Each structure stands twice: as structure tokens, then as C-alpha cells.
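J.: got a predicted structure plus its sequence, pasted below:
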Amino acid sequence: MGKMQNFAERVEREWCERFMREWPALVGTRDTVVSVKPGRTYTRVDVGGSGKYMVVDATGEIFGIKAYGVIHRGHAYGTLDTIDAWDWSGYRAVPRQPVQA
């Protein structure tokens, strides 16, 4: 899986770090587990029991979802090559702030 696995691990790590700060009792529960479910056109990345992101297999583009299995093109989060530019810990990913010198 390569890049997809790196993405899933990144989402899970950042999600768990947020839970450690805000809801420590929930860390290790199913709410913090990320699963990857490949499909014909898209790969679904679920957090807990909910759909979170969908990745276009052909291009690596990452999108939010409208409904389970339906991408939301208005919620684009870069590609599998640009995952470092995003903070994945929140309800939705947000661009990371550039480091000021």
C-alpha cells in the first residue's frame, strides 16, 4: 500500500494525539482506530465507525465525504504526496501553518 498506509497511520497518530489531549479515557477505543477499505475507484479511510476521507485511486487525491461512499469534491485535502502539509487531527483536515523563521 505504501503511500496509502502512510496516510492512514498519519491520520490515526494525529487523531490519537488529539484524543490524548482532550479525551484521554477514549484513547485505545474503537473511536481512535483508522481502517482502510479499498474499492474499485476510491479507497475509504474510516476513523472509528465513521467514514472520514476518500482517496481517488488513480490520482491519490484526498477528499472528505458527503455520505458513506460518496466523495465531497468541495472538501479537497491535497494528495497522498502532500499529507505533511495538513493537520489531520480535527473533524476536518486543515492546512498547517507555515513555520515562521
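T.: Arrived safely.

J.: contacts, neighbours, all on C-alpha from now
T.: Will do.

J.: A helix includes residue 83, no?
T.: Yes - assignment of residue 83 by DSSP: H, G, I helix; E, B strand; the rest coil places it within a helix.

J.: residue contacts, it?
T.: residue 7 (CA atoms under 8 Å, 6 or more residues apart in numbering).

J.: residue 66 contacts residue 72, doesn't it?
T.: Yes - using CA atoms under 8 Å, residue 66 makes contact with residue 72 at a distance of 5.2 Å.

J.: sketch out the low-pLDDT regions of this protein for me.
T.: Filtered on pLDDT under 70, the chain yields the residue ranges 1, 27-28, 99-101.

J.: one more pass at 80, please.
T.: By pLDDT under 80, the weakly predicted segments of the chain are 1, 24-32, 97-101.

J.: show me where it has its strands.
T.: Ranges of strands in the chain, per DSSP state E, are 34-38, 42-47, 50-56, 61-67, 70-79, 86-87, 94-95.

J.: now render those strands as TSV, adding mean neighbour count and distance to residue 15.
T.: Listed next are the strands of the chain as TSV, based on neighbours: other CA atoms under 10 Å; distance: least, CA to CA, whole Å:
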stretch	mean neighbour count	distance to residue 15
strand 34-38	16	9
strand 42-47	22	9
strand 50-56	23	12
strand 61-67	19	16
strand 70-79	16	16
strand 86-87	16	10
strand 94-95	13	13
